[in-house]
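Enquirer: I'll drop the sequence and a predicted model, then ask my questions.
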Number of protein chains: 2
Amino acid sequence: MIKPRTPAGVMELLPREQIAFQRMLDVIRRNYERFGFLPVETPVFELSDVLLTKSGGETERQVYFVQSTGALANAAAEGEGAGVPELALRFDLTVPLARYVAEHEHELSFPFRRYQMQRVYRGERAQRGRFREFYQCDIDVIGKDSLSIRYDAEILAVIHAVFSELGIGGFAVQLNNRKLMRGFFEAQGVSDAQQQALVLREVDKIDKRGADYVRETLAGPGFGLPADAVQRILDFVEVRSDSHADALARIDHVLAEAGETAGEALRTGAAELRDVLELVRALGVPESAYRLNFSIARGLDYYTGTVYETTLTDHPQIGSICSGGRYEDLASHYTKSKLPGVGISIGLTRLFFQLRDAGLIDGIGESSVQAMVALMDDASLDDALDLARRLRAGGINTEVQMEPRKLGRQFQYAAKAGVRFVVLAGDDERARGVVAVKDLLREQQFEVARNECAEALRVELEQTRALAGR
Amino acid sequence: MIKPRTPAGVMELLPREQIAFQRMLDVIRRNYERFGFLPVETPVFELSDVLLTKSGGETERQVYFVQSTGALANAAAEGEGAGVPELALRFDLTVPLARYVAEHEHELSFPFRRYQMQRVYRGERAQRGRFREFYQCDIDVIGKDSLSIRYDAEILAVIHAVFSELGIGGFAVQLNNRKLMRGFFEAQGVSDAQQQALVLREVDKIDKRGADYVRETLAGPGFGLPADAVQRILDFVEVRSDSHADALARIDHVLAEAGETAGEALRTGAAELRDVLELVRALGVPESAYRLNFSIARGLDYYTGTVYETTLTDHPQIGSICSGGRYEDLASHYTKSKLPGVGISIGLTRLFFQLRDAGLIDGIGESSVQAMVALMDDASLDDALDLARRLRAGGINTEVQMEPRKLGRQFQYAAKAGVRFVVLAGDDERARGVVAVKDLLREQQFEVARNECAEALRVELEQTRALAGR
């Protein structure tokens, strides 16, 4: 006898939780499709030489390699000289996207807009809240040679649509632009990208160590920045706009302050940010859903323009739940074509875990099974199956009790399973051509004509959905 | 520069094909949920000792093992003594189900009805049409201690619902019962299970080698069966019912022929088959969709009662597209509880591959993107974004052209992408509060009030769906 158990670092759900998780996946997918993104799925494993072109260091140590029994035996026989296995599990969806676009370049239309929602794998240290297998839900728009800044606005509108419908509370997309950021630092005399990264790392400590510590460090021997430059940097990274107009004014202010010293990066970044803001508004995104946040940097060596992070207003401790940005070239390891892009990723496994922890998963109460046909006795079985058939044909997800049990136990089962409607027909109901319906949500009971039952339940379900604003 | 490519034995699709594949997944899932099955997902990898309890031989050689970079380095250092890696990729969904049910036994309600649609992994020899990564779409009902035969009928009704809605042509579920089969063979003097398997293997050659060859073999020295027993076996495995009444008559005939020699297995099997047939009819499955086929055996050592295979009427060469049956005990390696079950599996990757090969994938023409808003010039961008926003809010999946191009090229793009509606508004339309819609499917153009556009397109889409019988 072997103890049934899962490996460390995976999230396996019970059915009720799985239904809630699946609903979130469905909402995300529906909104990705609503904006015209096309589905892509890639194999869970890639050839190791293809997957590991650009990753090094930390990422490479976290890669899972895959070997068939035969390959494993060969490797063991060869000992240390066996080298890297042929296959490895994807550790994100970006490298597979790069490979996919480069491989199928001539069969795709550009700008290529794809969504991809699959699990990825990382050999993380085992730790609560860290996952070795987790869902990423990505969208990207990939251009050939160039890609309009307008897509950066559309991506933000998609984020807004997704999190509005997910209904997990207020949220805001934090927006910044790497060019603006770079231009600003240049104007403060910090031109080197590495130096900028070091300054940002110090600035990041402001919450923990306080402004004075950061100010002293940046003015100290390691950085040697003039006190007024340090102050301007601290002021800059604290910028958070509180309305659309304020966001535009903040950008103007940065430009005005730089004055003569404003270089090309600063001007371009400011123009891009302005464009994105105006188009986001044209796309109907309410101004409460986005704000400038000049402290957002996100991987200095990958993103080159717009960067996004998304936070829950009432749960800032969860951190960013949807991040991404604009990059110069997606697939330089696989093709000579220049493929700029913009995209975001939702790490749904981690998000679900944190929402559940915070008691914010409200869907747990409701099953995907909408009705249960109760069974009074064996003689009623054919009748119960006929009822179930009618409900299913009418679009109601229906379970039927296949063996008679005490009615009380059948109701208990439905309640525990989160099934909303219990449908039953005794001799009396059958004689009158009706069925009795018990609505466990509203705690009401009603009768309805047998051939109108599915329609009646559909109306009830739609009303509830409308009331919930879904 | 590294050549972008996928490993052998995986099926990666272009977006249009992926949409068709996704539609099939959606139909399967919708019907599984319609019958009240609950979703389960398990991790792609299991602990090797958990996964490999019962598989041996062929299956074990096909298993993919998973190692992180660190584990791999350790294994290399230890050489041949390294042993079996800790993790392995699932090779089906049945072993993970057994582990899941045993692990969460006390948190599940029985009968436990679950569906699971995930990819599985086998280190198959690379060959056209053989996949190392493929989708399985499974349902199972698991009982505790016992499970009513009635679920065997429900499973058949689910198969019928799935393949009716998939719309890939006529199909029939081939039905048999292992107890009936065993009882029949016992009555012919072949009582040993292994011997029965050998007889069946010979009988399987009937199409290739002819009835005379099989007859001689079974009557020959290896088997030594009497000539009349051989004839009865050949008659038995050729049974195919052609109606509901015929199916019942065939069962009666087998019982009548056995007469006094009919043992318990034969009687029980006949009774089970009869129950399943009657309930399948009560569930509203048309009699053209199922038939008895006494040659169906499916893995003699696993299934113990009902067995199913499903074939496409016009494409018998594709073989079974959905198979399964009844088993005694799901998880005897993990728990002392007796967990009988019944289930089926659709191997969707292989099915999709074969349907595409046979030219039967009709969904390739239609995108998940339903409308494209054309862009006349930069000045119209805000207006185009507003139009797109209205369409999306009205439930229409909408792409918007972000940069103005020649209108002809925009139409070409939509046609190539399979987008049905192109929506545009020039100065004239805007002044009149209308938009122009070009329906690329019906090759018609019409005007509609700006704020009624989404509703108009929705009606068109619903009409087309209704006409197509979906």
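Expert: Happy to help now that I have it.
Enquirer: quick one: buried residues of stretch A:367-381?
Expert: By 16 or more other C-beta atoms under 10 Å in any protein chain shown, the buried positions in stretch A:367-381 come out as A:367-376, A:380-381. Just so you know, the C-beta spots here come from the backbone N, C-alpha and C atoms, and that holds for glycine as well.
Enquirer: what about stretch A:220-236, average pLDDT?
Expert: The average pLDDT within stretch A:220-236 is 92.
Enquirer: one more: stretch A:65-78?
Expert: Here the average pLDDT along stretch A:65-78 is 79.
Enquirer: restrict it to CA atoms and write it as CSV.
Expert: Extracted as CSV, the C-alpha positions of stretch A:65-78 are listed here (Å, rounded to 0.1, in the frame of the first residue of the first chain):
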residue,chain,number,x,y,z
PHE,A,65,14.5,18.4,-17.4
VAL,A,66,12.5,15.5,-18.8
GLN,A,67,13.8,12.1,-19.8
SER,A,68,12.1,9.0,-20.9
THR,A,69,13.0,5.7,-19.2
GLY,A,70,15.3,4.8,-22.1
ALA,A,71,17.1,8.1,-22.1
LEU,A,72,17.6,7.9,-18.4
ALA,A,73,19.2,4.5,-18.6
ASN,A,74,21.6,5.7,-21.3
ALA,A,75,22.5,8.8,-19.2
ALA,A,76,23.2,6.6,-16.1
ALA,A,77,25.4,4.3,-18.2
GLU,A,78,27.4,7.3,-19.5
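Enquirer: that stretch close to chain B?
Expert: Yes - Stretch A:65-78 reaches chain B (C-beta under 8 Å from any C-beta of the partner chain) through A:65-72, A:75-77.
Enquirer: can you flag the buried ones in those residues?
Expert: A:65-69, A:71-72, A:75-76.
Enquirer: farthest pair in those?
Expert: Pairwise distances across these peak at 15.6 Å for A:66 and A:76 (criterion: C-beta to C-beta).
Enquirer: and the residue nearest the centre of chain A?
Expert: residue A:346 (1.9 Å; C-alpha atoms, centre = their mean).
Enquirer: confirm residue A:118 sits in a strand?
Expert: Yes - assessed with DSSP: H, G, I helix; E, B strand; the rest coil, residue A:118 lies in a strand.
Enquirer: so it makes contact with residue A:41?
Expert: Yes - between residue A:118 and residue A:41 there is a contact under C-beta atoms under 8 Å: 6.2 Å.
Enquirer: who's more crowded, the two?
Expert: Legend: neighbour count by other C-beta atoms under 10 Å in any protein chain shown for residue A:118 and residue A:41, higher for residue A:41 (20 against 17).
Enquirer: how far away is the more buried one from chain B?
Expert: 6 Å (C-beta to the nearest C-beta, to the nearest Å).
Enquirer: ok, that residue to residue B:135 distance?
Expert: 10 Å (C-beta to C-beta, to the nearest Å).
Enquirer: what's the answer for residue A:90, then?
Expert: Counting by C-beta to C-beta - residue A:90 and residue B:135 are separated by 17 Å.
Enquirer: any regions of chain A where pLDDT drops low?
Expert: A:54-61, A:79-82, A:299-300, A:362-365, A:469-470 (pLDDT under 70).
Enquirer: give me every residue in the stretch 251-400 of chain A lying close to chain B.
Expert: For the stretch 251-400 of chain A, the residues in contact with chain B (C-beta under 8 Å from any C-beta) are A:279, A:282-284, A:331, A:333-336, A:367-369, A:372, A:381-382, A:385-386, A:388-389, A:392-393, A:395-400.
Enquirer: can you get me a residue count around residue A:360?
Expert: If you count neighbours by other C-beta under 10 Å, residue A:360 ends up with 17.
Enquirer: quick one: which helix or strand includes it?
Expert: Using DSSP states H and E, residue A:360 sits in no helix or strand.
Enquirer: ok, now residue A:100?
Expert: Using DSSP H and E, residue A:100 falls in helix A:94-103.
Enquirer: remind me what that helix packs against, helices and strands.
Expert: Applying 3 or more C-beta pairs under 8 Å, 6 or more residues apart in numbering or on different chains; DSSP states H and E, we find helix A:94-103 packed against strand A:45-47, helix A:48-51, strand A:112-121, strand A:133-142.
Enquirer: list the contacts for the residue lying closest to residue A:244 once chain neighbours are set aside?
Expert: Excluding its sequence neighbours, the residue lying closest to residue A:244 (C-beta to C-beta, 6 or more residues apart in numbering or on different chains) is residue A:287, at 4.1 Å. Applying C-beta atoms under 8 Å, 6 or more residues apart in numbering or on different chains, we find residue A:287 in contact with A:243-244, A:281.
Enquirer: ok, the closest residue to chain B within the stretch 301-450 of chain A - contacts?
Expert: Residue nearest to chain B within the stretch 301-450 of chain A: residue A:399 (2.9 Å; C-beta to the nearest C-beta). Residues counted as contacts of residue A:399 (C-beta under 8 Å, 6+ apart) are A:369, A:371-373, A:388, A:419, B:35-36, B:113.
Enquirer: in helices, which of these fall?
Expert: Cross-referencing those against helices under DSSP state H gives residue A:388.
Enquirer: the helices in the stretch 251-400 of chain A, which residues?
Expert: Shown for the stretch 251-400 of chain A, the helices assigned by DSSP state H, counting those that start in this stretch span residues A:264-282, A:348-357, A:381-393.
Enquirer: which of the ones you listed sits closest to residue A:141?
Expert: Nearest of the helices of the stretch 251-400 of chain A (C-beta to C-beta): helix A:264-282, 13.4 Å.
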